[in-house]
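Engineer: Quick check, what structure comes out for this input:
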Amino acid sequence: QVQLVESGGGLVQPGGSLRLSCELSGSIFNLIAMAWYRQAPGKEREYVAKIFTQGGGIGYADSVRGRFTISRDNAKNTVYLQMNSLKPEDTAVYYCNAAGYLDNRASSRQDYWGQGTQVTVSS
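Structural biologist: Numbering: from 1, shown residues only. Prediction:
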């Protein structure tokens with residue numbers, strides 16, 4: 001059974017930093033990428049950053065590029081999101097996502113989500 005467990009959220013002042021962690025347990029036949037999304041109150045969930053397992057390609061939303069850094073520790077099956085220069089508009093529940101295939105079939109594509117961790121940026 002695949003599980004994603006996030007940690008590292010909390011309350012921080014504007015301009016501060018936080019590092020989120022997401023540990024993947026269980027196995028995915030072909031893990032394609034891990035990503036972070038966030039959802040602010042009254043808004044839809046939005047993409048934040050993604051890291052591909054093959055080739056190590058990385059992408060960021062425009063709103064966080066230059067401030068956030070996604071990284072992965074393969075030995076620990078953990079993905080991180082280092083968040084610097086935080087702004088009040090970064091306040092949201094942050095969710096970890098893992099995308100992959102359960103077998104060789106294209107139809108076996110599966111997305112997994114963590115339970116979320118709250119990040120609040122406020123003075």
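
Engineer: Could you pull up the contacting residues of the closest residue to Val121 other than its chain neighbours?
Structural biologist: Nearest residue to Val121, sequence neighbours excluded (Cβ to Cβ, 6 or more residues apart in numbering): Leu86, at 4.6 Å. Any C-beta I mention is one placed from the backbone N, CA and C, and that applies to glycine too. By Cβ atoms under 8 Å, 6 or more residues apart in numbering, Leu86 lies in contact with Val12, Pro14, Gly15, Gly16, Ser17, Leu18, Arg67, Val119, Val121.

Engineer: Then Phe52?
Structural biologist: Ile32, Ala33, Ile58.

Engineer: repeat that for 10 Å
Structural biologist: Phe52 sits next to Leu31, Ile32, Ala33, Met34, Ala35, Ile58, Gly59, Arg72, Ala99 when contact means Cβ atoms under 10 Å, 6 or more residues apart in numbering.

Engineer: Check Arg45 too.
Structural biologist: By Cβ under 10 Å, 6+ apart, the residues touching Arg45 are Tyr37, Arg38, Gln39, Ala92, Val93, Tyr95, Asn97, Trp113, Gly116.

Engineer: what about the second one, how many neighbours?
Structural biologist: Each residue near Arg38 was counted by other Cβ atoms under 10 Å, and the total is 24.

Engineer: returning to what we had before: could you redo the contacts of Arg45 as TSV and give each row pLDDT, secondary structure and distance to Val48?
Structural biologist: Supplementary listing: the contacts of Arg45 in TSV, determined by pLDDT from 0 to 100; DSSP: H, G, I helix; E, B strand; the rest coil; distance: Cβ to Cβ, whole Å:
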residue	pLDDT	secondary structure	distance to Val48
Tyr37	98	strand	6
Arg38	98	strand	5
Gln39	98	strand	10
Ala92	98	strand	9
Val93	98	strand	11
Tyr95	98	strand	9
Asn97	97	strand	10
Trp113	97	strand	13
Gly116	97	coil	12
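
Engineer: Since that was my last question, I'll sign off now.
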